Structure formats: structure tokens, C-alpha cells
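Visitor: need a 3D model of the following:
(chains A and B)
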Amino acid sequence: MSTATARQAKPATMAQALQRAMRDAMAEDPSVHVMGEDVGTLGGVFRVTDGLAKEFGEDRCTDTPLAEAGILGTAVGMAMYGLRPVVEMQFDAFAYPAFEQLISHVARMRNRTRGAMPLPITVRVPYGGGIGGVEHHSDSSEAYYMATPGLHVVTPATVEDAYGLLRAAIASDDPVVFLEPKRLYWSKSDWSPEAPAAVEPIGRAVVRRQGRSATLITYGPSVPVCLEAAEAAQAEGWDLEVVDLRSLVPFDDETVCASVRRTGRAVVVHESTGFGGPGGEIAARVTERCFHHLEAPVLRVAGFDIPYPPPMLERHHLPGVDRVLDAVARLQWEAES
Amino acid sequence: MTVEERPEAAYRPTPPPAWKPRTDPAPLLPDAEPYRLLGTDAAAGADPQLLLRLYAELVRGRRYNTQATALTKQGRLAVYPSSTGQEACEVAAALALEERDWLFPSYRDTLAAVARGLDPVQALTLLRGDWHTGYDPHEHRIAPLCTPLATQLPHAVGLAHAARLKGDDVVALAMVGDGGTSEGDFHEALNFAAVWQAPVVFLVQNNGFAISVPLAKQTAAPSLAHKAVGYGMPGRLVDGNDAAAVHEVLTEAVGRARRGEGPTLIEAVTYRMDAHTNADDATRYRADGEAEAWREHDPIRLMERELTVRGLLDEDTVRAAAEAAETMAAQLRKRMNADPVLDPMDLFAHVYAEQTSQLREQAAQLRAELDAESGEGTHSAEGGAR
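Guide: Residues are numbered from 1 along each chain as shown, chains lettered A, B, ... in the order given. The predicted model follows:
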């Protein structure tokens, strides 16, 4: 086997899939521009934009000044003039200075102008913990984005989806907050960076594992956790179904509720805080739609309601396999008489 | 201040050349006094047609301000932030741009938008409350009147940058008040513009107050124009009540930007004669007689004097300007007194390109409520599952 073939046969990482999604989008559409702090010469601190500046030039993949509101604010103006900016926020908590631009302008411009001025902006936010990051490098901010009408909120869990969903996000005429589970950047799959790849429509959940006794509803970095929990639960007689939401806004009620109606039990699993977190909304939606099919209350396994902990303590905070299994055990619920 | 090194301090090696001054700040510094044209010798060279055009627009703008203020008293507008006293900045801003250029106004800059050709009623949609932006921004290349402070400035930078990337010689003019210069977005916009050498002109209308807070409590800078130097762009200081001077300084800056020479920050020193809005009580923060002193320096009066001195202002001109303004006001009154026809279903129409299933459900709910209100649809509701 030649070295070239050997390199090609190596499984691809999520970071590579994201990178190829941007490369393909930029090659197909000259209006696609990548911008952010360190995305050019360095190729991004996670190397997700590696090589784009070299291939497309600094005008198409731009190292900006270090200012998140400025990065997103100028992207608004660029989108107003017909470009499709793909903005990188480097780390979850670094996106907070850009919140005003996101909430007051990005999310509203279409609505404000009665559809005359849509903003096709993709905001890439590496999010979540599990990489041993210090403070401000591990937040799960999805609930803030979900609470803002006008934004799509998307998060892939697999290498294939990382490509397919990012392509869809860039092609979307509406702004998309694209949450990249940074601890899955180095997860691998046999997906080939060269072979043709599918573009996934935004807004559809997918059943990652079929099962009969309960549904784990999850997304992003918690998907592998839930799949592992489902394998472990088998030994205890639980046949768990795992639904990967992929898109938090729009929310795929149909796929989620069809699964819960089949299994009669559900646990929502995510890293974000439980109080005021996405799980509350999801549990309420499932209860409203599937009440008569439910054998037990919809449970939540979430991060604790604390500021994201320092790295040496984060393993106690992150929902792991055992915590998911404990919740599943509680699904053998008996009403108090 | 110089520090003399001791002779024995030879252990201190010269640092590597990591720092050198990037640019000579002297040419970027604004003049000590705001630039004036009207009433000076230089005014003799000003184009009479331009002066007359500015005059007519000033008169029309003043009438627009008084009419819109009256409409708030009649309950036809939720609020109107008047620009009375600042008309010279508004008019000059609009007239300094070419058709292909873009204007990024703040909420007080309705007049600039109208002078640029926007329908006077559409310019008031936001303030009347029937929608947030009443016009298609692409039609006259006017961004939505921006309510959050200074957040439209980075948009102007991004648009100008994008235009240049596409090879179009388009300039963006971004307007902001003195209070807005304290916002982070002001800083980030100026910094991006200078680094990218984007074809943008920033016009600060320093009207003395951010609602009630005077400039002295807003900034410790020698002038707002001085802020330009820190970003590496020229700062210009101009008399904001002198329409000809503002027009000249803006035209020059727009020309610089179009030639690819980068952004300019202009501070126009003016005064807000009315309160912040009709909800504000300016007597609580204004010194006695301050407004009166500024009335002597009224932009229309300055222009009238100049035109008179040059023999350009006859009775016909005055009457024509007044009549045009009155016609505009009468039409505005008439059209604003008609209740707008609103479709509540529009609430769901423009949130996304394609409605989510969640929004479709909510739209159906509102539709049912509207049907029930109007007495139609009651029969179909009877047949429903609930």
C-alpha cells in the first residue's frame, strides 16, 4: 500500500468533515466567506479552518481583529450586501460579547424588514466541556440561542452530520447558530473526506439506535454517551432507543414523539444546565403530545445548575453513562397512591 | 518626558524591533476649531445651486420635525425623536452620497432617510408602531433606522467591505450620536474599518446630550473627532449647524473612501433644540438660556443669511421652499391620520424563510382566534376534536 492510499484510508475526524464542508461550500459559491479570530494563517485553534486561507485567499478566509461583536456585526453588513459569512466564535463563552448583534440584529433582520433583508449567516460556536478547558472554554449556551426567535440552532454528533448539516447551514437563507461539540472534534468515522457526501436538511431528528423499552432524547456531545448507555443497559434488560435531535430549532416533534409513543418512556440527556435548560422544553413538549402513551414522567439528565466547573471537577458535572442508567432505572415508575 | 540612561546601564540591550510607530498621528488630528463655511470668505466659492438645494431641504426637514412632533401629541406616533436644530447634519448626510451608496441611520435620523428619497410615511412606520421597518432597505439603500446604540456601525463597515470585495465603488455612511460613541460597537466598528481600510464614513452628531447626560460626563476625550487617531484614521471636526460645511467635509470623506483611502470619523458639533423625545423633560438637565444661545446659530438662519449676502435669496425662493414644505406636511398629516391596515398573520410570515412546524401550529391558533372574533369559522371550530 502506498503512503497516499494509507493516508486516504485513515478514518476522518469531525474537524476534517467541518473543514471540508466549508471548502466545498466556498468552492461552489464565491459568496461564502469564512471569518473570525485565528481562522486564517493558523487555521483555527482547533484547525477546523486549516488551509482555507491558503486555498481561497485572505479575502475569503479572513483573520479579523479580536472582537466578537465586531466580527458578527461586520458579518451582518456583508450579508446585507449579498455575501454568506461563516463566522467562527472560537469558544462558547467568547460568543457572549456578540450576543447583542445576534439577538438584536441577526435574528430579527428578516422579520424587521418583512422578508426584504434575510441574513444568511452561519455562526460556528465550538461548545461544551470534556476537553479539560479552563473557565469560559466549556459552556453549553444552547438555551440562550433556542430562546431567540429567528435563529436556527443546529448541533451535529457524527462526522457525517458535521459535514451534511454545516453544508445545509451555509446554504440556508436564515441565520444558523451551528454548535460544534468540541470534544467530538477528534472523533472518527470511516467517512471519507474525498467521497461524495450528503447534505442533511436542517430540522430532522434521527433515530441512532432502535429500541423498545425507553427513548433517550439527546444531541451533540451527549449522543455517544447515550449510545454507550444503551449498550450497557441491554445487560439489565433495557432495550433503549436513542434519538439524536441534530436540530434544536426547528424542533422535530414528529420523530421524537413517534419514538416516545412506541417506547412509552423518555429521558432527555444534555450537558447544559437542567434548570431553564433545553430539557425542560423538550420534556414539556413530549408530555403535551404523548401524555396518554407515557408510563412514567419524562426525566432529565443534565449538567448541574452551576457555572461550568474547573477542569479537575468537570467529570462530576458532565452527564455520564452511569447517570443516564440511573435515570433509566427510575423509569420503572410507580405512582404514589 | 525623557529618561536618561545611566552610563553603566549598558547591560540593557536594545529590544528587538517589535515596536515602531505605525503611522504619524499628526495628519490624523482634527483641527482645534470646528470647520465653518457659511459667513466666511470661503463661502463665496460655494456652488449656489447646492446652497439653494440645502436650503430647501433644511426648510422641509424643519417642517417634517414639527409635523411629526405634532403627530405624537395627537397619538398618531408612539414616539418621535426630533432632530430640530440638527437638520444641517441630516440634509448634508443625504446629499453627500451617490445613489449607489448606503446610509446607516440611527433612530433620530429620519430626515436623512427622507432627504435621500424615502417615503415620509414609510420612514415613520417604526415610530407609529405598525411594523419595525416600513421600507425595503435595498430600494434607496437605507439600512433600517437602528434603535440599539451604535450597533449599525459594524454593519456599515461589513457592507462597505463586501462592496469593495465585489469591486463596487460603494461607500457606506454611518450615523451615530455622541452617546453612541461610548458603546463597544462604536469602538469595534472604527477598528475594523481602519484595519480593513473599508470605504466608510462615520458621522457623529454631537448634539450635547445623550438623553440627559451631557458630553462632559460622556467622554474625557479632547473632542469626539480625536478618537479617530487611536484607530489610525483621520478625525474631522465641523460645525454641525453649517449645512455647507458639513456637506463639504462629508463629500471630502466620501471621496476619500471611494478612492480606497479608508475611513474617516467626523464629529459635527450641533444642538438638539427639542427634548430627547416627547417622553423626556429637557428642563431638568438644560441650563437656562442654553437653547436660546443656540437659536442664534440655527442652521436655517445661517443659510438664509449666507444666501441673502450673496443675493441668492429672493421672495420667490423663500415662498417656494415654504410651500413645498407645507405640501409635504399636509400630505404627511393626511396619510398618517388614516389607520394602517394590518394583517395579524404577518406576525408569522417573516420569522424564517420557511415556517417551522412550531410556527405553523401557532399561526393556526391565531387564525382560529381571529375567525372566532369575526364570527366566521365558528362552525368549523364546532367540528374540531377539542
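
Visitor: give the buried residues for stretch A:326-337.
Guide: Buried residues in stretch A:326-337, counted by 16 or more other C-beta atoms under 10 Å in any protein chain shown: A:327-328, A:331. In short, each C-beta sits where N, CA and C put it, glycine included.

Visitor: quick one: the helices in chain A, in order.
Guide: A:3-9, A:14-28, A:52-56, A:68-80, A:99-101, A:109-112, A:142-146, A:159-171, A:222-234, A:253-263, A:278-290, A:314-317, A:321-330 (DSSP state H).

Visitor: with mean pLDDT and distance to chain B added, can I get the ones you listed in JSON lines?
Guide: JSON lines is the format used below for the helices of chain A (pLDDT from 0 to 100; distance: least, C-beta to the nearest C-beta, whole Å):
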{"stretch": "helix A:3-9", "mean pLDDT": "46", "distance to chain B": "35"}
{"stretch": "helix A:14-28", "mean pLDDT": "97", "distance to chain B": "14"}
{"stretch": "helix A:52-56", "mean pLDDT": "98", "distance to chain B": "12"}
{"stretch": "helix A:68-80", "mean pLDDT": "98", "distance to chain B": "2"}
{"stretch": "helix A:99-101", "mean pLDDT": "98", "distance to chain B": "6"}
{"stretch": "helix A:109-112", "mean pLDDT": "98", "distance to chain B": "4"}
{"stretch": "helix A:142-146", "mean pLDDT": "98", "distance to chain B": "11"}
{"stretch": "helix A:159-171", "mean pLDDT": "97", "distance to chain B": "11"}
{"stretch": "helix A:222-234", "mean pLDDT": "98", "distance to chain B": "22"}
{"stretch": "helix A:253-263", "mean pLDDT": "98", "distance to chain B": "6"}
{"stretch": "helix A:278-290", "mean pLDDT": "98", "distance to chain B": "9"}
{"stretch": "helix A:314-317", "mean pLDDT": "96", "distance to chain B": "30"}
{"stretch": "helix A:321-330", "mean pLDDT": "97", "distance to chain B": "26"}
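
Visitor: deepest in the core, which of those is it.
Guide: Stretch with highest mean neighbour count among these: helix A:68-80 (a mean of 29; mean count of other C-beta atoms under 10 Å in any protein chain shown).

Visitor: re the thing from before, reformat the helices of chain A as JSON lines; add distance to B:Leu29.
Guide: Formatted as JSON lines, the helices of chain A follow (distance: least, C-beta to C-beta, whole Å):
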{"stretch": "helix A:3-9", "distance to B:Leu29": "57"}
{"stretch": "helix A:14-28", "distance to B:Leu29": "42"}
{"stretch": "helix A:52-56", "distance to B:Leu29": "36"}
{"stretch": "helix A:68-80", "distance to B:Leu29": "25"}
{"stretch": "helix A:99-101", "distance to B:Leu29": "31"}
{"stretch": "helix A:109-112", "distance to B:Leu29": "37"}
{"stretch": "helix A:142-146", "distance to B:Leu29": "43"}
{"stretch": "helix A:159-171", "distance to B:Leu29": "44"}
{"stretch": "helix A:222-234", "distance to B:Leu29": "57"}
{"stretch": "helix A:253-263", "distance to B:Leu29": "61"}
{"stretch": "helix A:278-290", "distance to B:Leu29": "53"}
{"stretch": "helix A:314-317", "distance to B:Leu29": "52"}
{"stretch": "helix A:321-330", "distance to B:Leu29": "63"}
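
Visitor: now the residue in the stretch 151-300 of chain A positioned nearest to chain B: closest residue in space that isn't a chain neighbour?
Guide: Per C-beta to the nearest C-beta, A:Pro250 is where the stretch 151-300 of chain A lies closest to chain B, at 3.6 Å. Once flanking residues are discounted, A:Pro250 sits nearest to B:Thr356: 3.6 Å by C-beta to C-beta, 6 or more residues apart in numbering or on different chains.

Visitor: pretty sure the one you found sits against A:Val249.
Guide: Yes - the pair B:Thr356 / A:Val249 is scored as a contact, 7.2 Å apart, by C-beta atoms under 8 Å.

Visitor: compare neighbour counts for these two and give me the winner.
Guide: Neighbours per residue (other C-beta atoms under 10 Å in any protein chain shown) separate B:Thr356 from A:Val249, with A:Val249 holding more: 23 against 20.

Visitor: show me what contacts the nearest residue to that one once chain neighbours are set aside?
Guide: Excluding the flanking residues, the one nearest A:Val249 by C-beta to C-beta, 6+ apart is A:Val153, at 4.3 Å. Residues near A:Val153 by C-beta atoms under 8 Å, 6 or more residues apart in numbering or on different chains: A:142, A:145-146, A:176-177, A:179, A:247-249.

Visitor: who's A:Val153 bridged to?
Guide: A:Val177, A:Val249 (DSSP bridges).

Visitor: and the gap between it and B:Thr251?
Guide: 45 Å (C-beta to C-beta, to the nearest Å).

Visitor: quick check: B:Leu95 touching B:Leu52?
Guide: No - B:Leu95 lies out of contact with B:Leu52 (C-beta under 8 Å); the separation is 11.9 Å.

Visitor: am I right that B:Leu121 is in contact with B:Leu332?
Guide: Slight slip there: residue B:121 is Val, not Leu. Yes - counting by C-beta under 8 Å, B:Leu332 is a contact partner of B:Val121 at 6.7 Å.

Visitor: so the two - more neighbours on which side?
Guide: Neighbour comparison, B:Val121 and B:Leu332: the larger count goes to B:Leu332, with 23 against 18 (by other C-beta under 10 Å).

Visitor: for B:Ala174, helix, strand, or coil?
Guide: The three-state label given to B:Ala174 by DSSP: H, G, I helix; E, B strand; the rest coil is strand.

Visitor: for it, give the beta-bridge partners.
Guide: Applying DSSP bridges, one finds that B:Ala174 bridges with B:Phe104, B:Phe202.

Visitor: which residues of the stretch 251-386 of chain B score low on pLDDT?
Guide: B:376-386 (pLDDT under 70).

Visitor: how about the longest helix that chain B contains, which residues are buried there?
Guide: Criterion DSSP H: the longest helix present in chain B is helix B:48-73. Residues of helix B:48-73 classed as buried: B:51-65, B:67-72 (neighbour count, 16+ other C-beta under 10 Å).

Visitor: repeat that for stretch A:210-221.
Guide: Neighbour-count burial for stretch A:210-221 [16+ other C-beta under 10 Å]: A:211, A:213-221.

Visitor: and B:Gly311, how many neighbours?
Guide: 8.

Visitor: shouldn't it be within a strand?
Guide: No - under three-state DSSP, B:Gly311 sits outside any strand and is assigned coil.

Visitor: flag every residue of chain B that's near chain A.
Guide: B:131-133, B:136-138, B:143-144, B:148, B:151, B:153-163, B:165-166, B:172, B:184-185, B:188-189, B:191-192, B:195, B:346, B:349-353, B:356-358 (C-beta under 8 Å from any C-beta of the partner chain).

Visitor: contacts only, for the spatially most central residue of chain A.
Guide: Closest residue to the average C-alpha location of chain A: A:Thr155 at 1.6 Å, with C-alpha atoms, centre = their mean. Neighbour list for A:Thr155: A:127, A:142, A:178-181, A:219-220, A:245-248 [criterion: C-beta under 8 Å, 6+ apart].

Visitor: now do the same for it: its pLDDT.
Guide: Looking at A:Thr155, its pLDDT is 98.

Visitor: that one and A:Gly128, how far apart?
Guide: Counting by C-beta to C-beta, the gap from A:Thr155 to A:Gly128 is 9 Å.
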